[in-house]
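Novice: next comes the sequence, and after it the predicted model I'd like to discuss.
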Amino acid sequence: MRLRPRRLLIQATSALLRGMFRLCGGFHVRGLEHLPKTGPAILASNHLSWADPPALRAVLRRTSWFMANDFLFRIPVLGRLLPWYGGFPVERGKIDRDALRRAEQHLADGDFVVIFPEGGTTITGVLYPFEGGAALLALRANVPLVPVGITGTDRVLPEKAPYPHYARGGVTLTFGTPIDPSTIDPSLPRRARIDALTARLQEGVAALLPPEYLPAADAADSSSGAR
């Protein structure tokens, strides 16, 4: 796959995607200043809908690769298109070493890698506990984790909907302050470091979401903190 045709395709598609999201109620992007201008980073987002990767693809200017569930690559047409837009497969339910190596190579090249740490789209829209893959990768590659909060995609493209819908307020992407994995105590056992960084990442993403997207206890804490 040649890089230049792929880049041109992504640029053209990104403009179309931004227009589509605006027609579906609006497209709002906050915190772009938190994205590193150079060097690798892992972008870790909540996952509400199949519209989440296109929403991120529409705003990311730098070379970005998306870790996606392997079953998507077995879907006719979609499976052939995903690699053109930076998608690469990861097998759920285990440590997929091939996917880790590929992600590490992209990071070594200085690119972004996008991960959805919940492991799939949520059914309720409420933030699920994060799996540890994003933290493991960040610790191994020693690259920052950028928390991302997405809202509205669950209304624009609900589960099993065949096409996008208009939804008041549209879609909002919020990029948070990068988390430096080196701030995790290096004397901790490996598993404890992964768990600590995963917890910090989930807190970072939760801080970017309104209460209706948070578990009840977290939503209560968010509301009390806002008063």
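Specialist: Nice, I can see it. Residues are numbered from 1 along each chain as shown.
Novice: name the single longest helix found in this structure.
Specialist: As assigned by DSSP state H, the longest helix anywhere in the chain is helix 3-23.
Novice: what's the mean pLDDT across it?
Specialist: Mean per-residue pLDDT for helix 3-23: 86.
Novice: buried residues in that helix, which are they?
Specialist: Ile10, Thr13, Ser14, Leu17, Arg18, Met20, Phe21 (16 or more other C-beta atoms under 10 Å). C-betas here are computed from N, CA, C, even on glycine.
Novice: could I get the residues you listed as a markdown table with distance to Thr63?
Specialist: Shown next, in a markdown table, are the buried residues of helix 3-23 (distance: C-beta to C-beta, whole Å):
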| residue | distance to Thr63 |
| --- | --- |
| Ile10 | 9 |
| Thr13 | 15 |
| Ser14 | 13 |
| Leu17 | 17 |
| Arg18 | 18 |
| Met20 | 23 |
| Phe21 | 22 |
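Novice: can you pull the contacts of the residue nearest the centre of the chain?
Specialist: Within the chain, one residue has its C-alpha closest to the average C-alpha position: by C-alpha atoms, centre = their mean, that is Ser45, at 3.3 Å. Ser45 makes contacts with Asp52, Leu56, Val114, Ile115, Phe116, Pro147, Val148, Gly149, Ile150, Val205, as judged by C-beta atoms under 8 Å, 6 or more residues apart in numbering.
Novice: in strands, which of these fall?
Specialist: Val114, Ile115, Pro147, Val148, Gly149, Ile150 (DSSP state E).
Novice: check contacts around the last one.
Specialist: Contacts were defined as C-beta under 8 Å, 6+ apart; by that measure Ile150 touches Ser45, Asn46, His47, Leu48, Asp52, Ala55, Leu56, Val171, Thr172, Leu173, Thr174.
Novice: swap in Val171?
Specialist: 21, 24-28, 51, 55, 150-153, 156.
Novice: reformat the residues you listed as JSON lines; add distance to Ser182.
Specialist: Formatted as JSON lines, these follow (distance: C-beta to C-beta, whole Å):
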{"residue": "Phe21", "distance to Ser182": "36"}
{"residue": "Cys24", "distance to Ser182": "40"}
{"residue": "Gly25", "distance to Ser182": "40"}
{"residue": "Gly26", "distance to Ser182": "38"}
{"residue": "Phe27", "distance to Ser182": "34"}
{"residue": "His28", "distance to Ser182": "32"}
{"residue": "Ala51", "distance to Ser182": "34"}
{"residue": "Ala55", "distance to Ser182": "30"}
{"residue": "Ile150", "distance to Ser182": "27"}
{"residue": "Thr151", "distance to Ser182": "30"}
{"residue": "Gly152", "distance to Ser182": "34"}
{"residue": "Thr153", "distance to Ser182": "32"}
{"residue": "Val156", "distance to Ser182": "37"}
